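In: attaching a predicted model along with its sequence, questions to come.
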Amino acid sequence: MVSTTYKKFSVILLLFLFTGFSADVYAQYEIKSFKFKKKNRKSLVVPFKLVHNLIIIPLQINGSDTLQFILDTGVSTTIITGLPNGEELNLKYMKELELSGLGEGEAVKALYSTGNTLEIDGAIGYNHEILYLLDDVFHLSSSMGTYVHGLIGYDFFKNFVVEVNYPKELLVLHEPKRYRRKNWKKRFSGKQKGIVPIEIEKFKPYINASIEQENGDTVGVKLLVDSGASHALSIYDITNDKINVPNNTVHSFLGAGLSGDIFGEIGRVQKFNIAEFSFDKVVTSFPDEDGIQRALDYSDRNGSLGAEVLKRFRVIFNYPEGHIQLKPNSNFKKEFQYNMSGLEITTPMPGMPIYEISKVRNNSPAMAAGLAKGDQIIMINGVNATKYSLNDIVRLLHSKEGKKIKLFVQRYNQYYKAEFILDDSISLANQENSNTPN
């Protein structure tokens, strides 16, 4: 429940969940900085939860109970996407907005609030702007299997040097004026390693990278760095005539936009290069033009770099000095996988092990096995579904090609068995993985 008074006006907002998100509202006054609660503190360690590759941190707003927010470099203004557990929240003075976004649906209503106080354990920020969506159009809690209340981005990253340790699920926040760059050097040359310049445009970070295609062409791409997107790469092929959609793709649901679902092709690029690092056979989405038209009108980027790549590094986001720094971690050489089943699974009761099928991709192994939207999953490979988290199920569906999946489901008052084998329909000629530093 949100308590406040508000006025009404309209604005266009670009907000996109690509199993990730981005948003912009321009400040009418200067936002005060986040800062450490203890004076002279150099750094602060903040544990997080990693769900579907996304970083979830605890946050309080105006003295509220602890809420769960995705840390999202693709977001400029803090967004409350919903209060799924009936949480109470006292926001400051608000105005009503009508928001139009990606997808083909209608505008949605939101409240724009100013003068709010945000807190995490050990740090506090004053006078922050917040957008509160009146309808939970993203259903983040049901799709992630845990309560999620919103997204926080630029307001957080601009005030700290943010170090992300994905395997240990830890953030280290550094005071920028007292921070010294990590001395990650190449083994032989002694040069600084993994420094990637970023440009902050409209409160979001962009990098230059390149992709190599099936025909052998290398194409430079400008990418939004989007820690709030669980995919590896998203490439907008219509932004450059030299970008080709791979021969082997599947047409699939890619994510939910503010104004509707986003669909497109999923395939692989031969190679993705960033700084001195290269990745082979990277799973890449190529969204349909209708779903991204507003993004194309809004920026000149060629796509986005998501957390499936970022999680392969220790990442330091250093907005004050205009770069990110990358150091490979234990995830670096893992193969890039995708959901070969064709199933999208959600939970109607976040935090509870109750799972149902929300989408079935056409011509997928799951569709051939007779599974349908609305089926409730009772058992997975002979194990009661209550023994799995939603994150566990997602990992299972991203397993290697040839893995057999057996489901026992309830449809209305009847029960069905279904069996299928994960099939990689987007394979390239040479599937050997050789992710390497150059």
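Out: On my side now, so go ahead. What you see is a predicted model; the values in this text were computed from it and never measured. Numbering: from 1, shown residues only.

In: list the contacts for the residue nearest to residue 198 when sequence neighbours are not counted?
Out: Once flanking residues are discounted, residue 198 sits nearest to residue 205: 4.3 Å by C-beta to C-beta, 6 or more residues apart in numbering. In this view, the C-beta of every residue, glycine as well, is placed from N, C-alpha and C. For residue 205, the contact set (C-beta atoms under 8 Å, 6 or more residues apart in numbering) comprises 73, 157, 198, 199, 224, 225, 317, 319, 324.

In: can I have the buried ones of these as a PyMOL selection?
Out: Here is the PyMOL command that selects the buried residues among the contacts of residue 205 (16 or more other C-beta atoms under 10 Å):
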select buried, resi 73+157+198+224+225+317+319+324
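
In: roughly how far apart are the residue nearest to residue 198 and residue 73?
Out: Using C-beta to C-beta, to the nearest Å, residue 205 is found at 6 Å from residue 73.

In: can you tell me the strand partners of the helix or strand in which residue 57 is found and which way each runs?
Out: Here residue 57 is covered by strand 54-61, with elements defined by DSSP states H and E. Applying DSSP bridges to the sheet, strand 54-61 is found paired with strand 49-51 (antiparallel), strand 67-71 (antiparallel), strand 108-120 (antiparallel).

In: of those, which stretch is the most buried?
Out: Mean neighbour count (mean count of other C-beta atoms under 10 Å) peaks for strand 67-71 among the strands paired with strand 54-61, with a mean of 23.

In: quick one: average pLDDT of it?
Out: What strand 67-71 shows for mean pLDDT is 97.

In: from the chain's centroid, how far away is it?
Out: 12 Å (C-alpha atoms, centre = their mean, to the nearest Å).

In: with stretch 323-339 instead?
Out: The answer for stretch 323-339 is 15 Å, by C-alpha atoms, centre = their mean.

In: and that stretch, how far apart are its ends?
Out: Stretch 323-339 has an end-to-end distance of 32 Å (criterion: C-alpha to C-alpha, to the nearest Å).

In: may I see the buried residues of it?
Out: 323, 324, 325, 326, 328, 332, 336, 337, 338, 339.

In: between which two of those is the distance greatest?
Out: Using C-beta to C-beta, those span at most 33.0 Å, a distance reached by 323 and 339.

In: what about the strands in the stretch 1-150 of the chain?
Out: 6-8, 34-36, 43-47, 49-51, 54-61, 67-71, 78-80, 94-99, 108-120, 123-133, 150-152 (DSSP state E, counting those that start in this stretch).

In: any idea which of these scores lowest on pLDDT?
Out: strand 6-8 (a mean of 36).

In: quickly list what the nearest residue to residue 60 once chain neighbours are set aside is bridged to.
Out: Using C-beta to C-beta, 6+ apart and skipping residues adjacent in sequence, the residue nearest residue 60 is residue 119, 4.4 Å away. Residue 119 has these beta-bridge partners by DSSP bridges: residue 60, residue 124.

In: from residue 225, how far out is residue 119?
Out: 26 Å.

In: still on that earlier bit, contacts only, for the residue nearest to residue 60.
Out: 59, 60, 61, 125.

In: picking up where we left off before, what is in contact with residue 205 and residue 73 at once?
Out: In contact with both residue 205 and residue 73: 157, 225, 317, using C-beta under 8 Å, 6+ apart.

In: where strands are concerned, which of those count?
Out: Residues of those located in strands (DSSP state E): 225, 317.

In: where in this structure is pLDDT low?
Out: 1-32, 99-106, 183-192, 257-260, 294-295, 429-438 (pLDDT under 70).

In: go again using 50 as the cut-off
Out: 4-31, 187-190 (pLDDT under 50).

In: all helices of it, in order?
Out: Ranges of helices within the chain are 140-144, 154-157, 289-298, 307-310, 365-368, 390-397, based on DSSP state H.

In: thinking again about what came up before, mind putting the contacts of residue 205 into CSV with distance to residue 172?
Out: Shown next, in CSV, are the contacts of residue 205 (distance: C-beta to C-beta, whole Å):
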residue, distance to residue 172
73, 16
157, 13
198, 19
199, 24
224, 24
225, 18
317, 11
319, 15
324, 14
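
In: from the contacts of residue 205, which single one is nearest residue 144?
Out: For the contacts of residue 205, the closest approach to residue 144 (C-beta to C-beta) belongs to residue 73, at 18.0 Å.

In: how much space separates that closest one from residue 287?
Out: 19 Å.

In: likewise for residue 201?
Out: 20 Å.

In: repeat that for residue 195.
Out: Residue 195 is 30 Å from residue 287, by C-beta to C-beta.

In: got it, and residue 181?
Out: On the measure of C-beta to C-beta, residue 181 and residue 287 end up 36 Å apart.

In: can you check residue 127 too?
Out: Distance from residue 127 to residue 287, by C-beta to C-beta: 36 Å.
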